[in-house]
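J.: what follows is a predicted protein model with its sequence.
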Protein chains: 2
Amino acid sequence: MSQHRHPGAPGRAGAVPALPDLPEATVARLPEYLRALHNLAETGHETVSSEGLASAAGVNSAKLRKDLSHLGSYGTRGVGYDIALLVDQIESVLGLTQCRSVALVGVGNLGHALAGYDGFASRGFRIAALLDADPSRVGEEINGLVVRHIDELPRVAVEEAIAIGVIATPAPAAQAVADQLVAVGVTSILNFAPCVLSVPEGVDVRKVDLAIELQILSFHEHRKASLTALPAAGGSALTALPGGLAVTDTQEAIGT
Amino acid sequence: MSQHRHPGAPGRAGAVPALPDLPEATVARLPEYLRALHNLAETGHETVSSEGLASAAGVNSAKLRKDLSHLGSYGTRGVGYDIALLVDQIESVLGLTQCRSVALVGVGNLGHALAGYDGFASRGFRIAALLDADPSRVGEEINGLVVRHIDELPRVAVEEAIAIGVIATPAPAAQAVADQLVAVGVTSILNFAPCVLSVPEGVDVRKVDLAIELQILSFHEHRKASLTALPAAGGSALTALPGGLAVTDTQEAIGT
DNA sequence: AGGCGCTTGTGAAGACGTGCACAAATCGCG
DNA sequence: CGCGATTTGTGCACGTCTTCACAAGCGCCT
Ligand SMILES: NC(=O)c1ccc[n+]([C@@H]2O[C@H](COP(=O)([O-])OP(=O)(O)OC[C@H]3O[C@@H](n4cnc5c(N)ncnc54)[C@H](O)[C@@H]3O)[C@@H](O)[C@H]2O)c1
Ligand SMILES: NC(=O)c1ccc[n+]([C@@H]2O[C@H](COP(=O)([O-])OP(=O)(O)OC[C@H]3O[C@@H](n4cnc5c(N)ncnc54)[C@H](O)[C@@H]3O)[C@@H](O)[C@H]2O)c1
């Protein structure tokens, strides 16, 4: 997203602070590694092998090693990775050393749940502002934060040093809210409304859409049903490995 | 996931119901096309060009055409795609012609929001059961549905023909819930708990993790900050196209 | 009927991501 | 001190996804 870099241009000649330039797929997996590492640290481990961390994070161990190798060499051959060191390193790369302030716009059904969620604080984020357009919601206090009117966004953004905006309004309002966020300098948006947002170059948008996830599941469910309905077609492949365990992956790509 | 099809085997000789075998990346985008098509239909359009639909869905038009070409040729050259026909076709491929029943496990903070969400029904899903382990929550009525105890899952699964399970419990309980869902025959799970689930082959798991999304945004925010702090490094590439609009994409990875 | 403009469908090339397999490195122990 | 067990880091080959570019097809207008 927001890519440039002339196709033929030499990356960068004078090697400055490195600018990791990680593959996007790797970036998407780092948070998962981080979570697994925190789990391991809490259960008393000090080091972990690529195999161990990979299975805790649900990925292939070769992939994990390659991902980590992009950050530099922080493992010890024959031993594994120092958990504390790796946590620091990943947090540093992800920019989690500083706590980032989040503004949540749209304090309805979903917004309430997000506002009351304590899983953000423990991962380096602080919900710093709740905003809504409905006057009857303004003034309500949730989890120690008072809902303010969306028109106050410019002031709030400066006062609270907002870095990330979360949109939890109905879809028709989402584009307008995004525009307002961009106008006050927010360059990262997480959008829960089922619609695409147009934003200027340099602004990152990530979308979470439940219905899409369900529909993808529906497709596979549908396909599985068609397959079992035609047992003659695929041969015996289906019945192989009936007890094998597998961890299926996600969006990735999907990230997807 | 759970792929087969012998590499050298001739696709299919006797053309049965086709078994499209779509690329996963395409499957992940179809729901987005579907949403865009519904929007277009509501605003009175009857046909749409690949360019028009692509921009409504936030993707490249060549990618859209290739995606749709996998379903067959449902466009008319020189004209575009018939919206109603395409909607039917995509819904059929995604298996949305039948309404699928969803069981929601964990009716806490997030579960309440999901239970009260009407965006599922309009997309081919029905929340058919609410389940929780906390006795004080059992019996509560939300949106016309009564919360039942998780121990009733086996009976509920049969009575309501549950096709998809949604896990909205704390992470430590998620694996046990997944096991229970699998035990009653559920083969598609949407997991909101921040943990990896182990499931038997043939069961699909998709995960939604807010903190991961925020951390990915944090990374890009961090990178943008480092770049502007070193304005001499990249030359003038950054200031090019200052007014251009772009629609950034999502998880992709995941598809990704 | 014929030509013209528009749009689809797809071949080909390149970018990207994945996973195997193995050399290099490290530790512990005799 | 040397050796074997272990585990990382990575070269390489393969598969998937994306994007360009263009021929083929369609409808409309004259
Ligand atoms: N509830 C869920 O579980 C759920 C699940 C998936 C997606 N979503 C999506 O999340 C969004 C919010 O869902 P919800 O159920 O919370 O809806 P909701 O109607 O309960 O809440 C929306 C809130 O946004 C506020 N709002 C409207 N326009 C605004 C504006 N211009 N500026 C600021 N605030 C504004 C409203 O006052 C309201 O408080 C929707 O787009 C929905 O599709 C919700
Ligand atoms: N609240 C949010 O906005 C949010 C956001 C992102 C992720 N999540 C994740 O979603 C999950 C739920 O979050 P929450 O805020 O709703 O938590 P919560 O504590 O409010 O609700 C959890 C519910 O699950 C029930 N439960 C616990 N064990 C169970 C079991 N074995 N079987 C059935 N039910 C069981 C509890 O009784 C409770 O009602 C958590 O994993 C959380 O990390 C929540």
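T.: Happy to help now that I have it. Ligands and ions are numbered 1, 2, ... in the order given.

J.: measure the residue of the stretch 101-250 of chain A found nearest ligand 2 to B:Arg77 for me?
T.: Taking C-beta to the nearest ligand atom as the measure, the stretch 101-250 of chain A has A:Tyr117 as its residue closest to ligand 2, at 3.5 Å. For the C-beta atoms, the positions are set from N, CA and C on the backbone; glycine is no exception. As judged by C-beta to C-beta, to the nearest Å, A:Tyr117 and B:Arg77 stand 50 Å apart.

J.: neighbour count: the two, which is higher?
T.: The neighbour comparison of A:Tyr117 against B:Arg77 (other C-beta atoms under 10 Å in any protein chain shown) goes to A:Tyr117, with 15 against 6.

J.: surely the more buried one touches B:Ala113?
T.: No. Assessed by C-beta atoms under 8 Å, A:Tyr117 is found out of contact with B:Ala113, at 10.3 Å.

J.: quick one: pLDDT of whichever residue of the stretch 51-200 of chain A sits closest to ligand 1?
T.: As assessed by C-beta to the nearest ligand atom, ligand 1 sits closest to A:Gly108 within the stretch 51-200 of chain A, at 1.7 Å. For A:Gly108, the model assigns a pLDDT of 97.

J.: what's near enough to touch the residue nearest to it when sequence neighbours are not counted?
T.: Using C-beta to C-beta, 6 or more residues apart in numbering or on different chains and skipping residues adjacent in sequence, the residue nearest A:Gly108 is A:Ala168, 6.8 Å away. Contact analysis of A:Ala168 by C-beta atoms under 8 Å, 6 or more residues apart in numbering or on different chains lists A:Leu104, A:Val105, A:Gly106, A:Val107, A:Gly108, A:Leu110, A:Gly111, A:Leu114, A:Phe192, A:Ala193.

J.: for B:Glu221, see how far away A:Ala168 is.
T.: Relative to B:Glu221, and taking C-beta to C-beta, A:Ala168 is found at 20 Å.

J.: got the domain ranges for chain A?
T.: Annotated domains of chain A cover A:24-94, A:100-210 [automatic domain parsing].

J.: need the three-state assignment for the residue of the stretch 101-250 of chain A closest to ligand 2.
T.: coil (DSSP: H, G, I helix; E, B strand; the rest coil).

J.: make a markdown table out of the domains of chain A and add distance to B:Leu197.
T.: A markdown table is the format used below for these (distance: least, C-beta to C-beta, whole Å):
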| stretch | distance to B:Leu197 |
| --- | --- |
| domain A:24-94 | 8 |
| domain A:100-210 | 17 |
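
J.: so which of those is the most surrounded?
T.: A comparison of those by mean neighbour count, using mean count of other C-beta atoms under 10 Å in any protein chain shown, puts domain A:100-210 on top with a mean of 19.

J.: pretty sure A:Val59 is touching A:Thr26, no?
T.: No. In this structure A:Val59 lies outside contact range of A:Thr26 using C-beta under 8 Å: 10.8 Å.

J.: what's near enough to touch A:Val93?
T.: A:Val93 touches A:Pro20, A:Leu22, A:Leu30, A:Leu71, B:Phe219, B:His222, counting by C-beta under 8 Å, 6+ apart.

J.: lowest pLDDT pick from those residues?
T.: In terms of pLDDT, the lowest of these is A:Pro20, showing 65.

J.: now the closest residue to DNA strand C within the stretch 1-150 of chain A: how far from A:Ser50?
T.: Across the stretch 1-150 of chain A, no residue is closer to DNA strand C than A:Gly78, which sits at 2.6 Å (C-beta to the nearest atom of the strand). The gap separating A:Gly78 from A:Ser50 is 12 Å, by C-beta to C-beta.

J.: and the stretch 1-150 of chain A, which residues reach DNA strand D?
T.: A:48-51, A:61-62, A:65-66, A:68-69, A:73-81 (C-beta under 7 Å from any atom of the strand).

J.: helix, strand or coil: sort out A:Tyr81 for me.
T.: strand.

J.: that one and A:Ser73 touch, don't they?
T.: No. The criterion here is C-beta under 8 Å, and A:Tyr81 misses it with A:Ser73 at 10.2 Å.

J.: the strands in the stretch 1-150 of chain A, which residues?
T.: A:47-48, A:75-76, A:80-82, A:100-105, A:125-132, A:141-142, A:145-149 (DSSP state E, counting those that start in this stretch).

J.: of all those strands, which lies closest to B:Arg35?
T.: strand A:100-105 (21.0 Å; C-beta to C-beta).

J.: for the closest one, packing partners?
T.: Helices and strands touching strand A:100-105, by 3 or more C-beta pairs under 8 Å, 6 or more residues apart in numbering or on different chains; DSSP states H and E, are helix A:109-115, strand A:125-132, helix A:153-160, strand A:162-167, helix A:171-183, helix B:210-229.

J.: these: which one's closest to DNA strand C?
T.: helix B:210-229 (12.5 Å).

J.: what comes up buried for the closest one?
T.: Residues of helix B:210-229 classed as buried: B:210-224, B:226 (neighbour count, 16 or more other C-beta atoms under 10 Å in any protein chain shown).

J.: for chain A, what lies in contact range of DNA strand C?
T.: A:7, A:23-26, A:59-60, A:62-63, A:65-66, A:76-79, A:252-253.

J.: residue contacts, A:Phe219?
T.: Taking C-beta under 8 Å, 6+ apart, one finds B:Leu22, B:Val27, B:Leu30, B:Val93, B:Leu94, B:Gly95 in contact with A:Phe219.

J.: ok, now with 10 Å
T.: B:20, B:22, B:24, B:27-28, B:30-31, B:90, B:93-96, B:188, B:204 (C-beta atoms under 10 Å, 6 or more residues apart in numbering or on different chains).

J.: and which of these is nearest chain A?
T.: B:Gly95 (2.6 Å; C-beta to the nearest C-beta).

J.: any idea how far A:Ala128 is from the one residue in the stretch 1-150 of chain A that gets nearest to chain B?
T.: Per C-beta to the nearest C-beta, A:Gly95 is where the stretch 1-150 of chain A lies closest to chain B, at 2.6 Å. According to C-beta to C-beta, A:Gly95 and A:Ala128 sit 17 Å apart.

J.: if we can go back for a sec, TSV for the contacts of A:Val93, including distance to A:Pro172?
T.: Below are the contacts of A:Val93 laid out as TSV (distance: C-beta to C-beta, whole Å):
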residue	distance to A:Pro172
A:Pro20	39
A:Leu22	36
A:Leu30	35
A:Leu71	42
B:Phe219	31
B:His222	32
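
J.: measure the closest residue to A:Leu130 other than its chain neighbours to B:Leu64 for me?
T.: Leaving aside its chain neighbours, A:Leu130 sits nearest to A:Val147 (4.6 Å; criterion: C-beta to C-beta, 6+ apart). Distance of A:Val147 to B:Leu64, computed by C-beta to C-beta: 40 Å.

J.: with A:Asn191 instead?
T.: Distance from A:Asn191 to B:Leu64, by C-beta to C-beta: 21 Å.
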